[in-house]
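A.B. asks: from the sequence below, what's the structure:
(chains A and B)
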Amino acid sequence: MIELEIQILSHRREGLLVELGRAVAAGGFALLRQRVYQDEQGAWLVMVVRGEPEKQLGLEEVLATHDRVLSFEATLLAPGAVTQAAMSPASRAADVAASGSAPASIRHVGPDVHKVESMLPQLARDYPKIFPWLLALEHEVAAEAREASLLLAGRRTGIWVFKRDYEAGGKLGLADAIKRIAAPALRLLVAIDVRERHFHIQDCPLCPPGGHSGCKFFSGYLEGMLGASSAPQGVLVRNLHCRSNNGQGDCLLEVLH
Amino acid sequence: MPDHQHYNTLLVLLSYLISVLGSFAALQWAVVIPLAKTPRQRTAAVLAAGAAMGVGAIWAMHFIAMLACDMGMPVTYDPVLTALSAIIAFGACSLGLFIASSGAFSWAKLAAAGICMGLGVTGMHYLGMAAMMMAAYSTYDMNLVATSLLIAIVASIVALWLAFHLRGRVQMIGSALVMGLAVCGMHYTGMAAFDIDENGAQLPAGFAHGMRGDHLGVTIFVVSVALLATALVVHYKRQQRRAAITI
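C.D. replies: Now for the predicted structure:
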């Protein structure tokens, strides 16, 4: 078991603890302590949560794409550490002022929900010819929100395609869902080679060599689709390597659960 | 086939066609059973699928095939046993589809559902045969009877696997074609097991009040039109629903 301290910045305070408490529970973590306060940047929620180490990445993915999260920082706590959740807002502010590290310490920035939401109807209209829209989204959002925005767009698209084309039928195990649902659906978008839980995407148009990686869209797409279709919920997809930075012709994604 | 049975090829082909159509209509309902949000929706989908499969694919196919078969003597059907045979097919198919569609896929569940469906097909057939009234004694080759049961169960399992495990066109069309084979394969194997010996023109009691082929023809026509309408309506509704799903 590990304990994480998660500091989340949001637009507003109302319902923040309830919504993100649910997200934490859904991610397999137990909420130990929490504190909510407001400052000039927005509403802050500081939570200390406990759970299995292998679920940390999944929880961070959930928070990174949550529409209430503007940014967040997750810190692994040493046993007995004094946490921000136990500190008062005043002492936290003093701590931040002393270290001067509050803005720099933000590791994760959430998606640009507004821009993603406004692009999704166009994407649905032109599906599966969606890459011009995704490339436009990449350029429109701030650099630090690019990956989270692509992930969110991918998740929404994956869930939508599943409901539209693959929902009717029995609930499948993960291996069957990959074979019967995710692989044929993804083949409509890009050339792929599937080996068990590994998706090799060939010549991905979102990942030009030397450019930005667009693999987050496909990670989100597979997570949305497989999470909705297969019996074990909470599917996570991670990028093992990308055409944009490895010089090879393919990107490699791995499905975990 | 035994010497006393002579078949009209066109009606035999029609019997396969009606079993495929009935299976297709049933599967339109069956594949959405797992999506039901309330017990009431689930029950309605199970009963609709069971009715299309039991009454359409199995019962109507059986009696078209019986109309296709010339026994060389007048035949009528006991109305009570004929109705009971339809109820058995409906009940067994509903149960089989309920099992196959509940929870996550597993081979044990698939086998249980296939056995239910296979027993439903076979039970309907032999009860339908028992409803026959004619001036003859009937006998069965039990090896072929067992074979007919095996065909019904195995083909039902394959059809259910296709319906609940696959996606896309093969899911519905492939499953309906295989389910049609299950029903027809069972029926015609069962008919090969059936033999009659004339009993000296002694008609059974109730022969005159039994259902005749022309009565069955009208009933089957109504069932067939209902199946076709069901398949079309469900397909249209599904297209509408797909179009309404927002991203």
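
A.B. asks: quick one: neighbours of the residue in chain A that chain B sits nearest to, just the number.
C.D. replies: Residue nearest to chain B within chain A: A:Gly170 (3.4 Å; C-beta to the nearest C-beta). For every residue, glycine as well, the C-beta is placed using N, CA and C. Residues lying near A:Gly170 (other C-beta atoms under 10 Å in any protein chain shown) number 25.

A.B. asks: can you pull the contacts of it?
C.D. replies: Contacts for A:Gly170 (C-beta atoms under 8 Å, 6 or more residues apart in numbering or on different chains) come out as B:34, B:100-101, B:104-105, B:164-165.

A.B. asks: could you pick out which of the residues you listed are near chain A?
C.D. replies: With C-beta under 8 Å from any C-beta of the partner chain as the criterion, the members of those in contact with chain A are B:34, B:100-101, B:104-105, B:164-165.

A.B. asks: just the buried residues out of the contacts of A:Gly170, in PyMOL syntax.
C.D. replies: Entered in PyMOL, the line below selects the buried ones among those, by 16 or more other C-beta atoms under 10 Å in any protein chain shown:
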select buried, chain B and resi 34+100+101+105+164+165
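
A.B. asks: may I have the phi/psi pair for A:Val141?
C.D. replies: phi -90, psi 160 (degrees, to the nearest 10).

A.B. asks: residue 123: which element?
C.D. replies: Unless you meant another one, I'm taking chain A. Using DSSP states H and E, A:Leu123 falls within helix A:113-126.

A.B. asks: let me rephrase: I mean chain B.
C.D. replies: Going by DSSP H and E, B:Gly123 is part of helix B:107-130.

A.B. asks: what does the next helix or strand after that helix contact?
C.D. replies: Later in the chain than helix B:107-130, the nearest helix or strand by DSSP H and E is strand B:132-133. For strand B:132-133, the external contacting residues (C-beta under 8 Å, 6+ apart) are B:66, B:75-78, B:138, B:203-204, B:206-207, B:210.

A.B. asks: count of residues packed around B:Gly103?
C.D. replies: Neighbour count of B:Gly103, defined by other C-beta under 10 Å: 11.

A.B. asks: my bad, A:Trp160
C.D. replies: A:Trp160 has 21 neighbours, counted by other C-beta under 10 Å.

A.B. asks: what helix or strand is it located in?
C.D. replies: Secondary structure assignment for A:Trp160, by DSSP H and E: helix A:146-161.

A.B. asks: near chain B at all, that helix?
C.D. replies: Yes: applying C-beta under 8 Å from any C-beta, one finds helix A:146-161 touching chain B at A:156-157, A:160.

A.B. asks: closest residue of chain B to chain A?
C.D. replies: Taking C-beta to the nearest C-beta, chain B has B:Phe164 as its residue nearest chain A, at 3.4 Å.

A.B. asks: show me the contacts for that residue.
C.D. replies: A:169-170, B:30-31, B:100-101, B:105, B:110.

A.B. asks: now for those: which two are most distant?
C.D. replies: The distance between the two most remote of the contacts of B:Phe164 (C-beta to C-beta) is 14.4 Å, for B:Val31 and B:Leu110.

A.B. asks: show me which of these two is the more surrounded one.
C.D. replies: Taking other C-beta under 10 Å, B:Val31 and B:Leu110 do not tie; B:Val31 has more neighbours (25 against 21).

A.B. asks: most centrally placed residue in the chain?
C.D. replies: Picked chain A for this. In chain A, the centroid-proximal residue (C-alpha atoms, centre = their mean) is A:Glu61; its distance is 3.4 Å.

A.B. asks: correction: the question concerned chain B.
C.D. replies: For chain B, B:Ile58 is the residue whose C-alpha lies nearest the centre (C-alpha atoms, centre = their mean; 1.3 Å).

A.B. asks: which SS class is it?
C.D. replies: When classified by DSSP: H, G, I helix; E, B strand; the rest coil, B:Ile58 comes out as helix.

A.B. asks: pretty sure it contacts B:Gly123?
C.D. replies: No: the pair B:Ile58 / B:Gly123 is not scored as a contact, 9.7 Å apart, by C-beta atoms under 8 Å.

A.B. asks: overlap in contacts, these two.
C.D. replies: Common contact partners of B:Ile58 and B:Gly123 (C-beta under 8 Å, 6+ apart): B:Ala89.

A.B. asks: for chain A, which element, helix or strand, carries the lowest mean pLDDT?
C.D. replies: helix A:89-99 (a mean of 48; mean pLDDT, DSSP states H and E).

A.B. asks: residues contacting A:Glu54?
C.D. replies: A:Glu54 makes no contacts at all, as judged by C-beta under 8 Å, 6+ apart.

A.B. asks: just confirm A:Leu9 is within a strand.
C.D. replies: Yes: counting by three-state DSSP, A:Leu9 is located in a strand.

A.B. asks: quick check: it touching A:Val69?
C.D. replies: Yes: assessed by C-beta under 8 Å, A:Leu9 is found in contact with A:Val69 at 7.5 Å.

A.B. asks: between the two, which has more neighbouring residues?
C.D. replies: Between A:Leu9 and A:Val69, A:Val69 has the larger neighbour count (other C-beta under 10 Å), namely 26 against 20.

A.B. asks: what sits closest to the more buried one if chain neighbours are left out?
C.D. replies: A:Gly110 (4.4 Å; C-beta to C-beta, 6 or more residues apart in numbering or on different chains).

A.B. asks: distance check, the one you found against A:Arg12.
C.D. replies: 14 Å (C-beta to C-beta, to the nearest Å).

A.B. asks: those two: which has the busier surroundings?
C.D. replies: Shown here are A:Gly110 and A:Arg12; by other C-beta under 10 Å, A:Gly110 has more neighbours (23 against 10).

A.B. asks: hang on, the earlier thing: take the residues of helix A:146-161 next to chain B and lay them out in JSON lines including pLDDT and distance to A:Leu57.
C.D. replies: Formatted as JSON lines, the residues of helix A:146-161 next to chain B follow (pLDDT from 0 to 100; distance: C-beta to C-beta, whole Å):
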{"residue": "A:Arg156", "pLDDT": "92", "distance to A:Leu57": "21"}
{"residue": "A:Thr157", "pLDDT": "95", "distance to A:Leu57": "22"}
{"residue": "A:Trp160", "pLDDT": "95", "distance to A:Leu57": "25"}
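
A.B. asks: so which of the residues you listed is the closest to A:Ile192?
C.D. replies: Out of the residues of helix A:146-161 next to chain B, the member with the shortest distance to A:Ile192 (by C-beta to C-beta) is A:Thr157, at 15.6 Å.

A.B. asks: pretty sure that closest one is touching A:Pro128, no?
C.D. replies: No: using C-beta under 8 Å, A:Thr157 is not in contact with A:Pro128; the gap is 9.8 Å.

A.B. asks: more crowded one of those two?
C.D. replies: The neighbour comparison of A:Thr157 against A:Pro128 (other C-beta under 10 Å) goes to A:Thr157, with 26 against 14.

A.B. asks: what residues are up against the more buried one?
C.D. replies: Shown in contact with A:Thr157 (C-beta under 8 Å, 6+ apart): A:120, A:123, A:127, A:130, A:217, A:220-221, A:224, B:247.
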